[in-house]
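Trainee: no FASTA, just this:
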């Protein structure tokens, strides 16, 4: 693919959610030339769909009985033994300052009648510590504030540009991005271009589109994970795909993005019931309906499997006890989605199902967002920092994106990258392998969702491989299918390796947790063949290679095009 245009920067950010825009703003403040690349519109990522809020213990919250140590303990409990204590302390400890900076950038959070910041409670939390905005529209408010700040700072944003490849030098260091600009010539042809930069930050979000039903928007196709693996970076904990317990039931044949039904409803007193009205979570966990997401999603799945009366593909969230006034004020987004589906949540239980929601693992980074490839960074859902372990605690994601966006920008600025971008090696081969997305989603939903076994994982691997087609032309659709394919292979490889059940990884053929063998992360990287392989135990940061081991591919300024 020969680039038809070129831009230069000190840092190129792929992704325009909370982590990416926070990093871009902070890097710009340090004097770096920044370019943001996003494959849709500026505000079209996953951040704006986050309903719950930002989990943080603010100064003075101890007066209500909450402390940072309690937040840390809840996070570790949810993470099922795989959280890294230093990451938990560092990232959660950075929350108050990150929220303060976000508010200075214009974000407005809900307040109580007395004027104090309103705090909600969600699954896995032992206290009310979740900030929210617009009732259940926190992500939209965060995205609005950050996007507005980026526009005000005049940071160049290349909208509808797909990051197709992380380019590296002959020595194996990051050197920029190869991107595809959406066709504007009337024929729909994507125009390849090159953004040269000595620092690349991946902030591309998750991989929910691996599954038939997800809370993620259509852009969540695992791009960042695939890009990093192809550049030679390591990934970890990729088998831990969190299913949100409650999205609005899309119907027996429904697929794609389904409206989220925030667990903050359960924080206010809504309860899960089956078709007979019996409580789903009764006697299963001390926190009952507010148990961690992996516990609740697994319980719903078991109920659906044995449901009487033929209602075996969903359960119900009964929020009728909350009253119409609270639903209108606190949950306007959920209420609107329900009404659009013909359901009045003040009078009727809401039909819900679990759906692919959040990738707890991802590209392996240190506390500054650095990957094992020099010059390549990652932040947000695409990254594996050690905060989430085997299961993310509710509303820790926006917090992590804000904190790690700042930390990655500081690390990049501290590296004092040269103003002259390094010379990248342009890929000369065909686009990467791509399976049929419909076949892939069906296989992943059947064999690699909630409840997995070795035979099913092998069947998914074989089926996806069999649907791969050879193609020489590289288009946006082709690259997105290739990203999904590589992300699926990585998840399957790690899930097959972990022969136990832990967090949101449930093996029906190995139903017990095995701390003696598996209280460790599974590391994945690309083999010489270009397929993901398990690479052994998690190496200490000090032992990361100065250059990647396996490479599968060869002051503010205006963007030069």
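Mentor: That came through, no problem. Note that the coordinates shown come from a computational prediction; the quantities given were computed from them, not determined experimentally.

Trainee: from here on, contacts and neighbour counts on C-alpha atoms
Mentor: Fine.

Trainee: Looks to me like residue 517 is in a helix.
Mentor: Yes: with DSSP: H, G, I helix; E, B strand; the rest coil as the criterion, residue 517 is located in a helix.

Trainee: That one: neighbouring residues, count only.
Mentor: For residue 517, the tally of surrounding residues (other CA atoms under 10 Å) stands at 10.

Trainee: and what of residue 116?
Mentor: The tally of other residues near residue 116 (other CA under 10 Å) stands at 10.

Trainee: ends of stretch 406-422, how far apart?
Mentor: End-to-end span of stretch 406-422 (CA to CA, to the nearest Å): 24 Å.

Trainee: Strands along the stretch 351-500 of the chain, start to end?
Mentor: Per DSSP state E, counting those that start in this stretch, the stretch 351-500 of the chain carries strands over the ranges 362-364, 376-378, 383-384.

Trainee: Can I get the ones you listed in CSV including distance to residue 415 and mean neighbour count?
Mentor: CSV is the format used below for the strands of the stretch 351-500 of the chain (distance: least, CA to CA, whole Å; neighbours: other CA atoms under 10 Å):
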stretch, distance to residue 415, mean neighbour count
strand 362-364, 19, 33
strand 376-378, 12, 30
strand 383-384, 20, 30
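
Trainee: closest to residue 449 out of the ones you listed?
Mentor: Using CA to CA as the measure, strand 362-364 is the one of the strands of the stretch 351-500 of the chain that comes nearest residue 449, at 16.9 Å.

Trainee: Run a quick neighbour tally on residue 252.
Mentor: Other residues near residue 252 come to 9 when the count uses other CA under 10 Å.

Trainee: rewinding a little: can I get the strands of the stretch 351-500 of the chain in CSV with distance to residue 126?
Mentor: Conversion of the strands of the stretch 351-500 of the chain to CSV gives the following (distance: least, CA to CA, whole Å):
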stretch, distance to residue 126
strand 362-364, 27
strand 376-378, 30
strand 383-384, 25
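
Trainee: wait, which of these is closest to residue 92?
Mentor: From the strands of the stretch 351-500 of the chain, taking CA to CA, the stretch that ends up closest is strand 383-384, at 15.0 Å.

Trainee: what residues does that closest one touch?
Mentor: The set of residues that contact strand 383-384 without belonging to it, under CA atoms under 8 Å, 6 or more residues apart in numbering, is 203, 235-237, 360-365, 369.

Trainee: how about the strands in the stretch 51-200 of the chain?
Mentor: Counting by DSSP E, counting those that start in this stretch, the stretch 51-200 of the chain has strands at residues 54-55, 119-120, 130-131, 157-159, 161-168, 174-181, 191-196, 199-202.

Trainee: To residue 89, which of these lies closest?
Mentor: Smallest distance to residue 89 across the strands of the stretch 51-200 of the chain (CA to CA): 13.7 Å, for strand 54-55.

Trainee: could you measure the closest residue to residue 498 other than its chain neighbours against residue 366, distance?
Mentor: With CA to CA, 6 or more residues apart in numbering as the measure, residue 518 is the residue that lies nearest to residue 498, at 7.1 Å, once sequence neighbours are left out. Distance from residue 518 to residue 366, counting by CA to CA: 21 Å.

Trainee: ok, residue 395 touching residue 54?
Mentor: Yes: with the criterion set as CA atoms under 8 Å, residue 395 and residue 54 qualify as a contacting pair; they are 5.1 Å apart.

Trainee: which neighbours do these two share?
Mentor: Listed contacts common to residue 395 and residue 54 are residue 130; contacts here mean CA under 8 Å, 6+ apart.

Trainee: Settle it for me: which of these two has more neighbours?
Mentor: Under the neighbour definition other CA under 10 Å, residue 395 and residue 54 were set side by side, and residue 54 has more, 27 against 24.

Trainee: Low-confidence regions, the stretch 1-150 of the chain specifically.
Mentor: Filtered on pLDDT under 70, the stretch 1-150 of the chain yields the residue ranges 1, 61-63.

Trainee: Now do the helices in it.
Mentor: In the stretch 1-150 of the chain, the segments counted as helices under DSSP state H, counting those that start in this stretch are 18-29, 68-78, 85-93, 95-104, 138-152.

Trainee: Could I get the full set of helices for the stretch 451-561 of the chain?
Mentor: 454-466, 476-497, 515-518.

Trainee: who wins for proximity to residue 301 among the ones you listed?
Mentor: Ranking those by distance to residue 301, with CA to CA as the measure, places helix 454-466 first at 17.2 Å.

Trainee: The closest one vs helix 476-497, what angle?
Mentor: Per axes from the mean of the first three to the mean of the last three CA atoms, to 10 degrees, the angle that helix 454-466 makes with helix 476-497 is 160 degrees.

Trainee: ok, the residue nearest to residue 149 when sequence neighbours are not counted - contacts?
Mentor: The spatial neighbour of residue 149 that comes closest, neighbours along the chain excluded (CA to CA, 6+ apart), is residue 105 at 6.3 Å. By CA under 8 Å, 6+ apart, the residues touching residue 105 are 145-146, 149.

Trainee: ok so, going back, go through the strands of the stretch 51-200 of the chain and find the least confident stretch.
Mentor: In terms of average pLDDT, strand 119-120 trails the rest of these, at a mean of 89.

Trainee: can you count the residues close to the closest residue to residue 150 other than its chain neighbours?
Mentor: Excluding its sequence neighbours, the residue lying closest to residue 150 (CA to CA, 6+ apart) is residue 25, at 6.5 Å. By the measure other CA under 10 Å, the count of residues near residue 25 is 22.

Trainee: Please, where are all the strands along the stretch 201-350 of the chain?
Mentor: Defined through DSSP E, counting those that start in this stretch, the strands belonging to the stretch 201-350 of the chain, from first to last, are 213-214, 235-236, 241-248, 256-257, 271-273, 315-318, 350-359.

Trainee: Buried deepest among those, which one?
Mentor: Compared across the strands of the stretch 201-350 of the chain, strand 235-236 shows the largest average neighbour count, a mean of 30 (mean count of other CA atoms under 10 Å).

Trainee: quick one: strands adjacent to that strand?
Mentor: In the sheet, strand 235-236 lines up against strand 362-364 (antiparallel), strand 523-526 (antiparallel) (DSSP bridges).

Trainee: related to what we said a few turns ago, out of the strands of the stretch 51-200 of the chain, which is closest to residue 355?
Mentor: Closest of the strands of the stretch 51-200 of the chain to residue 355 is strand 54-55, at 21.0 Å (criterion: CA to CA).

Trainee: Indicate which one of the strands of the stretch 51-200 of the chain is closest to residue 479.
Mentor: Distances from residue 479 to each of the strands of the stretch 51-200 of the chain were compared by CA to CA, and the smallest falls on strand 161-168, at 6.6 Å.

Trainee: now for the closest one, which elements pack on it?
Mentor: In this structure, strand 161-168 packs against strand 34-38, strand 174-181, helix 223-231, with contacts taken as 3 or more CA pairs under 8 Å, 6 or more residues apart in numbering; DSSP states H and E.

Trainee: Pull up the pairing partners for it, direction included.
Mentor: Paired with strand 161-168 in the same sheet, following DSSP bridges, are strand 174-181 (antiparallel).

Trainee: Between helix 223-231 and the strand it pairs with, find me the angle.
Mentor: For strand 174-181 and helix 223-231, the angle between their directions (the same axes, to 10 degrees) works out to 130 degrees.

Trainee: So what touches strand 174-181?
Mentor: Defining contact as CA under 8 Å, 6+ apart, one finds that strand 174-181 is touched by 3, 12, 160-169, 190-200, 373-376, 421-424, 475-476.

Trainee: separation between residue 255 and residue 435?
Mentor: For residue 255, the distance to residue 435 equals 18 Å [CA to CA].
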